[in-house]
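Visitor: Got a predicted model here, sequence first, then my questions.
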Amino acid sequence: MKPTRTLPAQAVALSCATTSQAAANDTATYNPCLSCGACCAHFRVSFYCGEIAGEAGGTVPPELVTQVGPLRACMQGTEYGGKRCVALRGELGQSGIHCAIYALRPSPCREFSPWLEHGEPNPDCQRVRKAIGLPALPPLPNDDGETPTRTPPRRGDIAA
Ligand code: SF4
Ligand code: SF4
């Protein structure tokens, strides 16, 4: 199956790149996306056409998208998965990689995060990081300073 980014919790890369690069051992400000970009070069980044800049009030530059259905578009380069988004700049896995349309990026890119709600690493993020040779991310500490001890069961973990 081709990789897609259609799940609500999935969005792209560099989606959390809101802070300047910080020391890797500072979990409060560390942003792994700023030296990764793997998800921007793996998933099909598709979204509702209303997100395209124009009369509907969207933001995504129309010259960077491909129409893939009557109401769907995707970022150029990601149509079939496994290739870089046209807006990705820099070398995968290297410091300085970034999104050229960060403030204008579509919703999948805004929703995808290295960590899930309770601080456990996003398995889809981990998988694509591993594919480009980057290490797994640790869980984020909770508000009480403790790291999550459990992760939600995945489909393969649940007996039929
Ligand atoms: S794969 Fe994960 S760490 Fe890498 S850019 Fe995407 S969200 Fe960030
Ligand atoms: S628009 Fe930006 S954040 Fe979204 S896939 Fe492309 S480079 Fe990544």
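Guide: That came in fine, so what should we check first? Ligands and ions are numbered 1, 2, ... in the order given.
Visitor: Does stretch 63-80 reach ligand 2?
Guide: Yes: using C-beta under 6 Å from any ligand atom, stretch 63-80 reaches ligand 2 at Met75. C-beta: built from backbone N, CA, C; applies to glycine.
Visitor: Sorry, slip of the keys, the one I care about is stretch 37-44.
Guide: Yes: for stretch 37-44, a contact with ligand 2 is found by C-beta under 6 Å from any ligand atom, at Cys40.
Visitor: Close to ligand 1: what parts of the chain are there?
Guide: Within the chain, the positions adjacent to ligand 1 are 13-14, 32-33, 36-39, 112, 114, 125, 128-129 by C-beta under 6 Å from any ligand atom.
Visitor: Can you pull out the low-pLDDT segments for this protein?
Guide: Counting by pLDDT under 70, the chain has low-confidence residues at 1-29, 143-160.
Visitor: mind redoing it with 80?
Guide: In the predicted model of the chain, residues 1-29, 142-160 satisfy pLDDT under 80.
Visitor: Please enumerate the strands of it.
Guide: Per DSSP state E, the chain carries strands over the ranges 46-48, 65-67, 72-75, 88-89, 98-99.
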